[in-house]
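1. build me a model from this:
(one chain, ligands or ions: 1)
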Amino acid sequence: MPDKSLSGEVFIPSDEVLRHVHVRDWDKLIGEAEKDLEGFWSREAHELHWFEHWDKVLDDSHKPFFKWFTNGKTNIVYNCLDRHTQTARRNKLALMWEGEKGEFRSFSYFALKRETCRFANVLRSLGVQKGDRVTLYMGRIPELMIGMLACARIGAIHSVVYGGFTVEALHERLEDSQSKVLIVADGAYQRGKIVPLKAIADEALQRAATVESVLVVKRTGEAVNMESGRDMWYHELMALPIAGMQCHIEVMDAEDPLFILYTSGTTGKPKAILHTHGGYMVGTYSTLKYVFDIHDEDRYWCAADPGWITGHSYIVYGPLLNGTTSFMYEGAPTYPYPNRWWQMIEKYGINVLYTAPTAIRGLMRFGEAWPNRHDLSSLRILGSVGEPINPEAWKWYHRVIGKGRCPIMDTWWQTETGMFMITPTPAVTLKPGSGTRPFPGVKMDVLDEEGKPAGVNEEGFLVIKTPWPAMMRTIYRDPERYKAQYWSKFPGAYLTGDSARKDEDGYYWVIGRVDDVIKVSGYRLGTAEIESALVSHHAIAEAAAIGLPHDVKGNAIHTFVIVKAGVEKSEKLIEELRAHVAHEMGPIAKPDSIQFVDSLPKTRSGKIMRRVLKARALGQEPKDLTTLEE
Ligand code: WT7
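-> Numbering: from 1, shown residues only. Model (predicted):
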């Protein structure tokens with residue numbers, strides 16, 4: 001029951017919402033899972049299909065390399081598709097899709113399974129085997145989902161590269177994953193323009209050596225270069241007899257890899273976060289069910305991109321595991337008018353909307369008249385993810401979109417966690433700006449520099465103290481980095497990289513990253529990647545990037561560059577550098593400002609002190625300059 005004695009501004013669940021939820025007494029479930037962690041996850045896992053039962057729920061004998069559901073045999077795709085096609089859900093819509101230009105496509109569970117099987121057979125015929133890596137690089141189109149599922153069905157490891165990234169980002173990921181196959185769209189629509197994905201891929205492929213086959217999905221129909229012997233059209237392959245409708249499913253060990261997904265870390269190259277079939281399946285299934293209170297009649301929309309973890313867990317796997325009907329939209333939220341999203345909610349009768357604070361703030365700017373033109377009464381639950389949501393945006397979302405009826409699920413998690421970690425459910429009393437408390441079975445804390453629990457409302461390092469089934473298993477091909485990055489600062493605790501505080505009611509308030517990661521419009525970018533894109537330009541000797549507060553994007557990218565001797569510091573060069581970063585990494589990484597400097601503050605060991613740059617830019621006194629060399 002909601003606790004009316006909580007401090008601060010609270011929102012108590014309505015009877016209407018409470019009547020609907022899977023679990024009314026959330027505290028009781030949290031208590032049970034605390035007493036019996038393995039029992040809780042075992043019950044959740046039993047709701048899914050296993051070819052063979054597991055021996056042990058959790059094996060923690062080789063910390064921090066945890067194993068879940070050891071020796072259990074399953075395949076996440078069996079649970080996403082085959083399980084449902086054996087029931088009345090066979091004819092239920094699995095996916096409804098709208099293109100930016102307004103086209104509509106839909107797939108029943110039966111049809112999605114068929115297309116997945118056909119494409120899986122194509123991949124097999126090209127020699128793709130269990131354990132091989134396949135990179136996918138597309139916009140938000142159904143073939144991305146089909147491609148991911150087809151890989152997983154035959155035990156190949158998918159690596160999705162966000163369609164907003166460009167040449168160098170794609171090259172790096174192809175190379176690091178040693179992908180055999182690249183699946184790419186000819187292009188993607190974005191605000192009425194075409195992003196030439198295949199042309200970008202061609203450039204990246206000149207630098208990447210392992211790719212043998214490139215499968216091209218026709219989306220825009222624009223002319224593309226097809227290299228003979230390497231490039232093939234998806235639709236032509238799917239028309240061949242090899243694309244048969246029956247496809248033997250690979251029986252996977254619970255701990256077999258499902259996918260890798262690259263994310264930015266503190267230093268150097270992006271890290272390949274590895275997730276597995278068993279634990280990831282149980283974690284995403286269970287969290288989505290409880291948090292968004294999924295029922296069979298729902299139409300659910302996660303507006304993220306499948307190219308990020310939010311899309312992997314809560315557009316592709318979680319919704320399909322729950323047998324729900326998902327909606328996917330290809331384009332920009334405000335195209336051609338700022339009512340596009342609200343129009344589609346009305347048109348498709350969406351019940352659950354899950355998006356990011358940056359999108360809400362962006363839409364807020366256009367005023368209430370746009371959403372008010374539409375009947376949004378189908379909405380029951382709203383969600384937020386990616387960065388802290390400021391209470392002003394929370395309240396607008398709650399009042400204007402949810403009409404004061406829809407609870408907001410502010411879910412804190414990461415690429416590495418695979419599933420929601422700090423989250424309410426609709427049965428929990430909410431405080432705007434807080435994700436409330438950890439999910440059942442998850443123990444977290446806020447620690448000070450010495451590793452002692454921080455006091456009430458005191459800012460500190462956010463850590464996770466118990467293993468959870470959807471946790472990353474390692475950094476692909478770099479287990480040492482996994483240990484060093486996540487498990488070395490505080491013994492026995494997983495370091496999130498975020499700072500947070502816990503209030504008097506035990507509610508968590510995430511403040512932001514404490515490492516060299518910048519959240520721009522909810523996207524995670526490493527300062528190191530932006531800097532290396534800048535120095536890859538012939539005029540630049542050194543560069544530093546920092547994030548500074550921005551009203552819509554959360555953070556804006558500010559950079560400082562030292563030019564090489566003899567280079568003229570001009571406006572023209574600044575524009576050239578911004579375009580260069582957009583070309584190498586992607587438009588999301590384009591610096592908002594570039595400032596010429598003669599030196600950068602550094603430690604004695606030569607590391608750039610970004611916090612000094614940040615403090616100066618904000619007009620603050622930088623704390624603790626003892627190691628500054630400059
Ligand atoms: C980082 C992880 C996991 C989905 C998308 C992001 C920030 C995420 C919240 C939230 C405050 C949040 C954290 C985290 N973050 N959700 N609800 N409130 N901050 O995944 O790209 O791996 O980024 O996003 O800083 O560490 P990601």
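2. alpha carbons only: can I get stretch 248-258 in CSV?
-> The C-alpha trace of stretch 248-258 is given here as CSV (Å, rounded to 0.1, in the frame of the first residue of the first chain):
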residue,chain,number,x,y,z
HIS,A,248,15.8,-25.5,-36.8
ILE,A,249,16.5,-23.6,-33.6
GLU,A,250,19.9,-23.8,-32.0
VAL,A,251,19.6,-25.1,-28.4
MET,A,252,21.7,-22.6,-26.4
ASP,A,253,23.3,-22.9,-23.0
ALA,A,254,21.9,-20.3,-20.6
GLU,A,255,25.4,-18.8,-20.5
ASP,A,256,26.0,-18.7,-24.3
PRO,A,257,26.4,-15.2,-25.7
LEU,A,258,23.3,-13.6,-27.2
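3. OK, contacts around the residue in the stretch 51-200 of the chain that the ligand sits nearest to?
-> With Cβ to the nearest ligand atom, the shortest gap between the stretch 51-200 of the chain and the ligand falls at residue 162, namely 10.3 Å. All C-beta spots, glycine's among them, are computed from the backbone N, C-alpha and C. Going by Cβ atoms under 8 Å, 6 or more residues apart in numbering, residue 162 touches 305, 307, 308, 586.
4. quick one: which of these has the most company?
-> residue 586 (24 neighbours; other Cβ atoms under 10 Å).
5. what sits closest to residue 317 if chain neighbours are left out?
-> Using Cβ to Cβ, 6 or more residues apart in numbering and skipping residues adjacent in sequence, the residue nearest residue 317 is residue 284, 5.0 Å away.
6. and the pLDDT at that neighbour?
-> According to the prediction, residue 284 has pLDDT 98.
7. from what I can see it touches residue 419, true?
-> Yes. Using Cβ atoms under 8 Å, residue 284 is in contact with residue 419, at 5.3 Å.
8. gap between the closest residue in space to residue 454 that isn't next to it in sequence and residue 450?
-> Nearest residue to residue 454, sequence neighbours excluded (Cβ to Cβ, 6+ apart): residue 460, at 3.6 Å. Going from residue 460 to residue 450 by Cβ to Cβ, to the nearest Å gives 10 Å.
9. how about residue 170?
-> 42 Å.
10. for the two, indicate the residue with more neighbours.
-> residue 170 (27 against 6).
11. wait, what's in contact with whichever residue of the stretch 151-300 of the chain sits closest to the ligand?
-> Residue of the stretch 151-300 of the chain nearest the ligand, by Cβ to the nearest ligand atom: residue 263 (5.2 Å). Counting by Cβ under 8 Å, 6+ apart, residue 263 makes contact with 270, 271, 273, 309, 414, 415, 416, 524.
12. hang on, the earlier thing: got the phi/psi numbers for the residue nearest to residue 454?
-> phi -160, psi -170 (degrees, to the nearest 10).
13. same check on residue 549?
-> Dihedral angles phi and psi of residue 549 (degrees, to the nearest 10) take the values phi -50, psi 140.
14. that one contacts residue 555, doesn't it?
-> Yes. Between residue 549 and residue 555 a contact is recorded at 6.6 Å, counting by Cβ under 8 Å.
15. which SS state does residue 400 fall under?
-> helix (DSSP: H, G, I helix; E, B strand; the rest coil).
16. from residue 17, how far out is it?
-> Residue 400 is 18 Å from residue 17, by Cβ to Cβ.
17. cool, residue 40 as well?
-> For residue 40 relative to residue 17 (Cβ to Cβ), the value is 24 Å.
18. specify the local secondary structure of the residue lying farthest from the centre of the chain.
-> In the chain, residue 566 marks the outermost C-alpha relative to the chain mean, sitting 43.0 Å out by Cα atoms, centre = their mean. Following three-state DSSP, residue 566 is assigned to coil.
19. that older thread, which of the contacts of residue 263 lies closest to residue 113?
-> residue 309 (24.2 Å; Cβ to Cβ).
20. tell me the pLDDT at the residue nearest to that closest one when sequence neighbours are not counted?
-> Nearest residue to residue 309 in three dimensions, chain neighbours excluded: residue 415, at 4.2 Å (Cβ to Cβ, 6+ apart). pLDDT, residue 415: 97.
21. buried stuff in stretch 551-569?
-> The neighbour-count criterion (16 or more other Cβ atoms under 10 Å) identifies 552, 553, 554, 555, 556, 557, 558, 559, 560, 561, 562, 563 as the buried residues of stretch 551-569.
22. show me the contacts for the first one.
-> In other words, residue 552. 358, 361, 362, 365, 521.
23. let's see which of those residues end up in helices.
-> 358, 361, 362 (DSSP state H).
24. need those in a markdown table (columns: distance to the ligand and neighbour count).
-> Listed next are the ones in helices among the contacts of residue 552 as a markdown table, based on distance: Cβ to the nearest ligand atom, whole Å; neighbours: other Cβ atoms under 10 Å:
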| residue | distance to the ligand | neighbour count |
| --- | --- | --- |
| 358 | 11 | 23 |
| 361 | 14 | 21 |
| 362 | 17 | 19 |
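25. and which of those is nearest residue 384?
-> The closest of the ones in helices among the contacts of residue 552, once distances to residue 384 are taken by Cβ to Cβ, is residue 358, at 10.0 Å.
26. which one of the contacts of residue 263 has the most neighbours?
-> residue 271 (27 neighbours).
27. just to check, that residue is in contact with residue 472?
-> No. Between residue 271 and residue 472 there is no contact under Cβ under 8 Å: 9.2 Å.
28. residues contacting the residue most central in space within the chain?
-> Centre of the chain computed as the mean C-alpha position; nearest residue by Cα atoms, centre = their mean is residue 309, 2.5 Å away. For residue 309, the contact set (Cβ under 8 Å, 6+ apart) comprises 261, 263, 273, 413, 414, 415, 418.
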